[in-house]
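Undergrad: Could you look at this predicted model? Sequence included:
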Amino acid sequence: MATESAIDQEPQISEAELQEIGSRIKSFRQIRGWTLDLLASRAKLSKSYISRLEDGDRRPSIAALLSLSHALGVSLSVLLSDDSAARSIRVVKGEDSPTMQGNGLIYQVHSGGISGAAMQPLRITISAARKSEELYRHDGEEWLYVLSGHLGVTIGETTHRLEPGDSIYFDATIGHRLSAEDGKDVEAILVASVAPKSLLSSYL
């Protein structure tokens with residue numbers, strides 16, 4: 001049995017893996033017959049940003065990947081992996097969940113490649129060295145549960161301080177940011193959900 005979980009290890013994302021993720025995004029877009037402009041509009045991301053992702057020249061943030069998975073109608077794990085088996089039940093072993101990194105966050109996707117999954121569960125590590133001031137937003141809702149450390153969750157103009165065992169639920173269309181406080185890394189479980197129809201209706 002491994003003494004160190006994948007989330008604790010240094011993330012290993014090669015240029016080849018970034019190229020594969022970019023190719024997968026491009027493939028899903030082309031299968032649907034969508035232009036870059038159309039995907040950019042549906043995902044609420046810039047055309048140039050998506051173009052760089054498809055070329056493997058940009059390391060994607062979690063928020064960007066969630067926006068793209070929602071827009072393309074696939075689960076986050078399907079977007080990140082060739083394993084696209086559509087199963088309603090999937091057990092994911094810790095060592096089978098690849099560790100990724102984007103915008104200072106280290107994360108593992110735990111939806112197990114279920115196509116069209118309504119929930120996107122992630123285990124994330126927020127580095128104490130991360131100093132991002134950018135607010136992220138995407139369709140849907142988020143639930144966070146703190147495993148260790150002290151987490152600052154800024155939603156709009158308000159920052160909430162969470163300790164181990166605390167959780168927070170919020171509308172992810174509101175600008176939000178995660179930060180590790182007290183100089184220590186934070187580990188947390190993040191579950192993002194596909195936006196309900198009532199929430200999406202205002203964007204259609």
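TA: Received the coordinates, thanks.

Undergrad: Grab the nearest non-local neighbour of Arg42.
TA: Spatially, and ignoring its direct neighbours in sequence, Arg42 is nearest to Ala71 (4.0 Å; Cβ to Cβ, 6 or more residues apart in numbering). C-beta coordinates here come from the backbone N, C-alpha and C atoms, glycine included.

Undergrad: count of residues packed around the one you found?
TA: 23 (other Cβ atoms under 10 Å).

Undergrad: Repeat that for Ser179.
TA: Around Ser179 there are 20 other residues, counting by other Cβ under 10 Å.

Undergrad: so it touches His160, yeah?
TA: No. Between Ser179 and His160 there is no contact, the gap being 10.9 Å when judged by Cβ atoms under 8 Å.

Undergrad: any common contacting residues for the two?
TA: In terms of Cβ atoms under 8 Å, 6 or more residues apart in numbering, Ser179 and His160 are both contacted by the residues Gly152, Thr154.

Undergrad: Which helix or strand contains Pro164?
TA: Using DSSP states H and E, Pro164 sits within no helix or strand.

Undergrad: need the strands for this structure, in chain order.
TA: 99-102, 105-109, 119-126, 141-148, 150-155, 158-162, 167-171, 176-181, 186-193 (DSSP state E).

Undergrad: quick one: which of those strands is nearest Leu18?
TA: Of all these, strand 99-102 sits nearest to Leu18, with 10.0 Å by Cβ to Cβ.

Undergrad: Now do the buried residues in stretch 146-158.
TA: For stretch 146-158, burial by neighbour count (16 or more other Cβ atoms under 10 Å) applies to Val146, Gly149, His150, Leu151, Gly152, Val153, Ile155.

Undergrad: What is the most widely separated pair among those residues?
TA: Maximum pairwise distance among the buried residues of stretch 146-158 (Cβ to Cβ): 18.6 Å, between Gly149 and Ile155.

Undergrad: For this protein, just list every one of the helices.
TA: Ranges of helices in the chain, per DSSP state H, are 15-31, 36-43, 47-54, 62-72, 76-80, 197-200.

Undergrad: dump the residue contacts of the nearest residue to Lys26 once chain neighbours are set aside.
TA: In space, and not counting its chain neighbours, Lys26 is closest to Glu54: 4.2 Å by Cβ to Cβ, 6+ apart. Neighbour list for Glu54: Gly22, Ser23, Ile25, Lys26, Arg29, Leu36 [criterion: Cβ under 8 Å, 6+ apart].

Undergrad: how about a cut-off of 6 Å?
TA: Gly22, Ile25, Lys26 (Cβ atoms under 6 Å, 6 or more residues apart in numbering).

Undergrad: Do I have it right that Leu122 meets Ile106?
TA: No. Leu122 lies out of contact with Ile106 (Cβ atoms under 6 Å); the separation is 10.2 Å.

Undergrad: From Gly183, how far out is the closest residue to Glu163 other than its chain neighbours?
TA: Spatial nearest neighbour of Glu163, excluding adjacent residues (Cβ to Cβ, 6+ apart): His150 at 5.8 Å. Distance check for His150 against Gly183: by Cβ to Cβ, to the nearest Å, it reads 9 Å.
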